[in-house]
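# Model the structure of this input:
(one chain, ligands or ions: 1)
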Amino acid sequence: MNDEIEKLKSEATSEISQLNSPEDFENFRLKYLSRKGWLAQLFEKMRDVPKDEKPAVGKSLNELRGFIESKFVERKAMRATELASDKGPEIDLTIPGRKRFFGRQHPLTQTLNEIKRIFTGIGFGIADGPEIEDDYHNFEALNFPPDHPARDMQDTFFVSDNSGKFVLRTHTSGVQIRVMENNKPPVRVIMPGRCYRNEAISARAYCMFHQVEGLYVDKNVSLAELKGTISYFAKELFGSEVKTRFRPSFFPFTEPSAEVDIGCIFCGGKGCRLCKHAGWLEIMGCGMVDPNVFKFVGYDPAEVSGFAFGMGIERIAMLKYGIDDIRLFFENDLRFLNQF
Ligand code: DAH
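Have a look, this model is predicted:
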């Protein structure tokens, strides 16, 4: 009898673990637990068990019934949970997770943010202007003579509305005019934005690029303040050891004008391939605002003076990160962008 109990227990246990469908459960119930099922049949056999063994065998049988019933209910509940989450038991928790890719800021955005941080930290505000600009703001009010070569089709994209009046701005300097037209001095702003030039595309030039313009107008603004501001900026951006120098230059809208170089950050000024063995790298143009420009915007050049500067963000970023081809900024190649 004990053997039969053990046999039934192990058979029932292994069958219970295979129960899935409602029919499986019903068949199992009929086979083992119903009035004519295996358990009931074993209980019948109690009649033939010798009297002195009855209590022990009866106990075993009761235990067996309790065991099978509880296993049966357990399996039913488990199956219900499996079905409730429709992914069922097939989720493989050992499969490695998928790699998540995080976006990040474009190196040009990072560079511009750094430039903004430096200038807003010393009291400059931020302004912007239109990318489709009229001839007046892009050239005329900036004191470009009518026959200036920069107005040539060679350099400038004209907007084809047949008026010949509108261009894709070739620099951000026109925003200076707009800011002064709309504000009384003193003025202290930087003006970042996209610019366009009709240039042959190469590692050093692209048809679209970004500049940051700067303008500071007040009573008695001096060239010394221009030099101090730009030198401070260069040190903040490229490190406190960096040298700056101001080379005389020409722009129609500043007088005097200068180009700013920093001591080569790659070779420390000794001369290398990147600074073309000059020891210096050009970073921007600048100068004292030309009195003619003040006249265009209705400022009195006898009352106020000011300085202006303009730099290419791509150029700054190329120097800062050691990038040798401007086209990389616009190709959206993640192998490039992921490095910043
Ligand atoms: N607009 C000039 C350019 O596109 C850059 C520049 C030079 C801006 C001197 C200025 C400046 O404000 O004073 O190359």
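
# Tell me the secondary structure at the residue nearest to residue 172 when sequence neighbours are not counted.
Spatial nearest neighbour of residue 172, excluding adjacent residues (Cβ to Cβ, 6 or more residues apart in numbering): residue 213 at 3.9 Å. Using the backbone N, CA and C atoms, a C-beta is placed for each residue, glycine as well. With DSSP: H, G, I helix; E, B strand; the rest coil as the basis, residue 213 sits in strand.

# got the contact list for residue 213?
Contact analysis of residue 213 by Cβ atoms under 8 Å, 6 or more residues apart in numbering lists 171-173, 175-176, 190-193, 308-310.

# Okay, and which of the residues you listed map to helices?
Among the contacts of residue 213, DSSP state H puts 173, 175-176 in helices.

# Mind picking the one among these that's closest to the ligand?
Within the ones in helices among the contacts of residue 213, proximity to the ligand (Cβ to the nearest ligand atom) peaks at residue 173, which comes in at 4.2 Å.

# Quick one: classify the residue in the stretch 151-300 of the chain that the ligand sits nearest to as helix, strand or coil.
Taking Cβ to the nearest ligand atom, the ligand has its nearest neighbour within the stretch 151-300 of the chain at residue 285, 2.7 Å off. Secondary structure state of residue 285, per three-state DSSP, is strand.

# which residues does it bridge with?
residue 259, residue 310 (DSSP bridges).

# number of nearby residues for it?
A count of nearby residues for residue 285, using other Cβ atoms under 10 Å, gives 22.

# Local confidence estimate at it?
pLDDT, residue 285: 97.

# That one reaches residue 253, doesn't it?
No: counting by Cβ atoms under 8 Å, residue 253 is not a contact partner of residue 285; they are 9.9 Å apart.

# and for stretch 72-90, what are the contacting residues?
By Cβ under 8 Å, 6+ apart, stretch 72-90 touches 16-17, 19-20, 25, 28-29, 33.

# now with 10 Å?
For stretch 72-90, the surrounding residues in contact (Cβ atoms under 10 Å, 6 or more residues apart in numbering) are 12, 15-22, 24-25, 28-29, 32-33, 91.

# what's near enough to touch residue 60?
Neighbours of residue 60 in contact, by Cβ under 10 Å, 6+ apart: 1-2, 5-6, 9, 42.

# that older thread, any shared contact partners between residue 285 and residue 253?
171, 173, 308, 310.

# Show me what from this structure comes close to the ligand.
171, 173, 213, 251, 254, 285-287, 308-310 (Cβ under 6 Å from any ligand atom).

# Distance to residue 293 added to those, as JSON lines?
As requested, the residues of the chain next to the ligand are exported to JSON lines (distance: Cβ to Cβ, whole Å):
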{"residue": "171", "distance to residue 293": "14"}
{"residue": "173", "distance to residue 293": "9"}
{"residue": "213", "distance to residue 293": "13"}
{"residue": "251", "distance to residue 293": "10"}
{"residue": "254", "distance to residue 293": "8"}
{"residue": "285", "distance to residue 293": "15"}
{"residue": "286", "distance to residue 293": "14"}
{"residue": "287", "distance to residue 293": "10"}
{"residue": "308", "distance to residue 293": "8"}
{"residue": "309", "distance to residue 293": "14"}
{"residue": "310", "distance to residue 293": "13"}
